[in-house]
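K.L.:
Please find the sequence and the predicted model below.
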Protein chains: 2
Amino acid sequence: MRRNDLAWCRIAALALFTAAAAPAPGADLRGTGDLGVVIERAAGRVQVVDTTARGSLGSVEGLGDLSHASVVFSRDARFAYVFGRDGGLTKVDLLERRIAARVMQAGNSIGGAVSQDGRIVAAQNYTPGGIKLFDAATLELLADIPSAPGSDGKPSKVVGLADAPGQRFVASLFDAGEIWVIDARNPRAPKVERHRDVGKQPYDGLVTPDGRWYLAGLFGEDGLALLDLWHPERGVQRVLPGYGRGEEKLPVYKMPHLRGWAIAGGYAWLPAVGRHEVLVVDTRDWREVARVKVAGQPVFVIARPDARQVWVNFAFPDNGRVQVIDAEKRAVIASLEPGRAVLHLEFTPRGEEVWISARDDDRVVVVDTATLAIVATLRAESPSGIFFTSRAARMGF
Amino acid sequence: MRRNDLAWCRIAALALFTAAAAPAPGADLRGTGDLGVVIERAAGRVQVVDTTARGSLGSVEGLGDLSHASVVFSRDARFAYVFGRDGGLTKVDLLERRIAARVMQAGNSIGGAVSQDGRIVAAQNYTPGGIKLFDAATLELLADIPSAPGSDGKPSKVVGLADAPGQRFVASLFDAGEIWVIDARNPRAPKVERHRDVGKQPYDGLVTPDGRWYLAGLFGEDGLALLDLWHPERGVQRVLPGYGRGEEKLPVYKMPHLRGWAIAGGYAWLPAVGRHEVLVVDTRDWREVARVKVAGQPVFVIARPDARQVWVNFAFPDNGRVQVIDAEKRAVIASLEPGRAVLHLEFTPRGEEVWISARDDDRVVVVDTATLAIVATLRAESPSGIFFTSRAARMGF
């Protein structure tokens, strides 16, 4: 009898959902392991997508300025934390397709991370510079860590924030030239370990998938700053002295995203800055071992999860193309033209398909990574970033 | 108004759940990224657990003989496929805590895998030997692949089944001494590529986390069989000729589980057979580089997801201990006694905690991997395997 009541209730609830314009049908009991979001940057909206059905489940509006927005996920894979460029941090419920919580936490922001245990969301800010820690459940502010000043005396912009094992976050200070390791075990009183003089203008950073290494790219000079998170006491080293814009000071249409760096099979695949090349680096000694010629200035260089292929998109004017590198041959094996202004790509968790956003064609295409055939196309308004919930279980996202 | 109705309905539903003995409260809209199951082997039951709350959400009974049971997950992380020793394959709904589907698919079975795209469940069977493919949604039989005969003319037992990229499964035939690569792109007409004479009595196997290598342990002789799934045309090689029971033919209380092998930071950590050692092997050339002395015959050797630590449990009489190896020092740094008859351990997705089953103390303990403190204890009846839904997004599970 109770179960019958319940079943009736479920049916009624489903009917209500179906009848309503929003949230969309399907906002019911379901797994969240195959969900994701697509940023519709101009509309301040995200679409909630299902990678099994290769379709959209609905959308959530009112997220503010989503140019350059990025997303991380709650530990249970139910909620997306969307960082808007305008400093808005929105917790989106993927099951009910609604805003669960939202704070304007800065004037200008560039992303964030979730702590190893899932209980803290950290935001990195441009204006005012600094890092804020929030309760992942409520978005209550737990700590506000001001940034160190740059040479102009203003608080430095914070970039390259990533989570690391041990309830830590790591970030770079663009103007101050520092890397900070933040111990957030007590999130209301975080401890900051400062590494100074790491290089000029670190502009992005990443933590390797195993959580051991933090790498920051430098805008103001060549080379990369490398910190061994197993041994922060050893300080920041400089590696890959030839990595950067180089002496020729080539025009750079878009600084490549470090966060997209592929680390696969013991090698890192890095977008060259300004050059039509992808660099291959041995992660055992951080030396360059090869370069692969590609069709343009690479922006995202992302390994298929099985590390057999590395996919690349490009800056203008080559941003209508995507190339596929065979990781073993270290050569381009396919060139695709999935649409105009390809901004991002995201692999399904085990890599059988990849979702690609083509902003100027208002669509997302889903490509079978074995056959390279398009298996689905979704409408989306100026889509940019695509993020799947499988990120919740990974480090450095 | 509609939303109010809905809210009322939810509250009513929750109240009903709370009042009922089963399913437990919480069988409502929630994420599934932090769920898991604990096998209660003697009771034919699984507990559904929540790794965020560190608690049990309820249990599901009627799963048959769960001695040596193993579990894989649906692509959406909502369903657990439980392989019982008696040949039962049960699809358990983690949200509603009920059996969604169940088939008796063999007389004696030892586990299975889910295809890369999540649409096929494969089961490996002892009696009668062979592999069956099922529709992951309905458990409808799609294909029945009989096994090759061993020297006694009977169908070989199938072991070491794992999923691999390209909609493939790989398995070993114990009696026939073969490794099979099964192309399941058309699951009603799978194609089998046979590798013969791989060694005597392969007894378990694994696919590395990047999906490239298949390794099978040999019961009948020393050494391991290695297949490069990027180049199956190169055939099976033999590696680690000293790996095995060795000339002394030491007593082996329990054959170690290969599936638990840690592959981390470019090294594989293998349980020695019969010896109180863990072997460290360079995965670039599959040569042994070190041995670590441990407290007993290792059974599971599992890397913390950040690869900084490797945790080990042991065969009788040392099965009340768990040791922690520092991956960099290659030495034991801690010995724990979490309970009697430790059968399995499973890390939370990003490794901040580990769940350990202590069968003879009827409990599961949750340990903080940084402090090694016990942070929670759950009651469970003779718990054995522990499996978390984050496996759904990983290869080789």
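P.N.:
Received, thanks. Just so you know, these numbers come straight off a predicted model, no measurement behind them.
K.L.:
can you count the residues close to A:Val375?
P.N.:
By the measure other Cβ atoms under 10 Å in any protein chain shown, the count of residues near A:Val375 is 12. From N, CA and C alone the C-beta is placed, and that goes for glycine too.
K.L.:
My error: substitute A:Arg75 in the last question.
P.N.:
Other residues close to A:Arg75 by other Cβ under 10 Å number 23.
K.L.:
low-scoring stretches of the stretch 101-250 of chain A, by residue?
P.N.:
When residues are selected by pLDDT under 70, those of the stretch 101-250 of chain A lie in A:246-250.
K.L.:
Report the separation between the closest residue to chain B within the stretch 101-250 of chain A and B:Ala164.
P.N.:
Ranked by Cβ to the nearest Cβ, the top residue of the stretch 101-250 of chain A for proximity to chain B is A:Gly211, at 3.7 Å. From A:Gly211 across to B:Ala164, the span is 26 Å (Cβ to Cβ, to the nearest Å).
K.L.:
tell me which element the residue of the stretch 101-250 of chain A closest to chain B is part of?
P.N.:
A:Gly211 belongs to no helix or strand when assigned by DSSP states H and E.
K.L.:
Can you tell me the SS state at the closest residue to it other than its chain neighbours?
P.N.:
Residue nearest to A:Gly211 in three dimensions, not counting chain neighbours: B:Asp306, with 3.7 Å by Cβ to Cβ, 6 or more residues apart in numbering or on different chains. The three-state label given to B:Asp306 by DSSP: H, G, I helix; E, B strand; the rest coil is coil.
K.L.:
Can you give me the distance of A:Thr52 to chain B?
P.N.:
For A:Thr52, the distance to chain B (Cβ to the nearest Cβ, to the nearest Å) stands at 6 Å.
K.L.:
Number of residues surrounding the closest residue to that residue other than its chain neighbours?
P.N.:
Of all residues not flanking A:Thr52 in the chain, A:Asp34 sits nearest, at 4.5 Å (Cβ to Cβ, 6+ apart). By other Cβ under 10 Å, the residues close to A:Asp34 number 26.
K.L.:
who's in contact with A:Asp34?
P.N.:
By Cβ atoms under 8 Å, 6 or more residues apart in numbering or on different chains, A:Asp34 lies in contact with A:Asp50, A:Thr51, A:Thr52, A:Pro349, A:Phe388, A:Thr389, B:Arg75, B:Asp76, B:Ala77, B:Gly118.
K.L.:
Can you tell me which of the residues you listed lies closest to A:Val365?
P.N.:
Nearest to A:Val365 among those is A:Thr51, at 13.3 Å by Cβ to Cβ.
K.L.:
A:Phe73 versus that closest one, what's the distance?
P.N.:
14 Å.
K.L.:
Could you do A:Val236 as well?
P.N.:
29 Å.
K.L.:
which of those two has more neighbours?
P.N.:
A count of neighbours by other Cβ under 10 Å puts A:Phe73 above the other of A:Val236 and A:Phe73, at 29 against 21.
K.L.:
Dihedrals phi and psi, the more buried one?
P.N.:
Note on A:Phe73: backbone dihedrals following degrees, to the nearest 10 are phi -120, psi 150.
K.L.:
Check it and give its pLDDT.
P.N.:
A:Phe73 carries a pLDDT value of 98.
K.L.:
all strands for the stretch 101-250 of chain A, in order.
P.N.:
In the stretch 101-250 of chain A, the strands defined using DSSP state E, counting those that start in this stretch lie at A:108-114, A:120-127, A:130-135, A:141-146, A:158-164, A:168-173, A:178-183, A:191-195, A:202-207, A:213-218, A:224-228, A:237-239.
K.L.:
and A:Gly88, which of the ones you listed is closest to it?
P.N.:
strand A:108-114 (7.7 Å).
K.L.:
touching chain B at all, the closest one?
P.N.:
No: counting by Cβ under 8 Å from any Cβ of the partner chain, chain B is not contacted by strand A:108-114; separation bottoms out at 9.2 Å.
K.L.:
Could you tell me the end-to-end distance of stretch A:206-218?
P.N.:
With Cα to Cα, to the nearest Å as the measure, stretch A:206-218 spans 12 Å from end to end.
K.L.:
now it, how far from the centre of its chain.
P.N.:
When C-alpha coordinates are averaged (Cα atoms, centre = their mean, to the nearest Å), stretch A:206-218 and its chain have centres 13 Å apart.
K.L.:
Buried residues in that stretch, which are they?
P.N.:
Using 16 or more other Cβ atoms under 10 Å in any protein chain shown as the burial criterion, the residues of stretch A:206-218 that qualify are A:206-218.
K.L.:
got the residues of the stretch 51-200 of chain A near chain B?
P.N.:
Counting by Cβ under 8 Å from any Cβ, the residues of the stretch 51-200 of chain A close to chain B are A:51-52, A:73-79, A:94-96, A:116-118, A:163, A:165-167.
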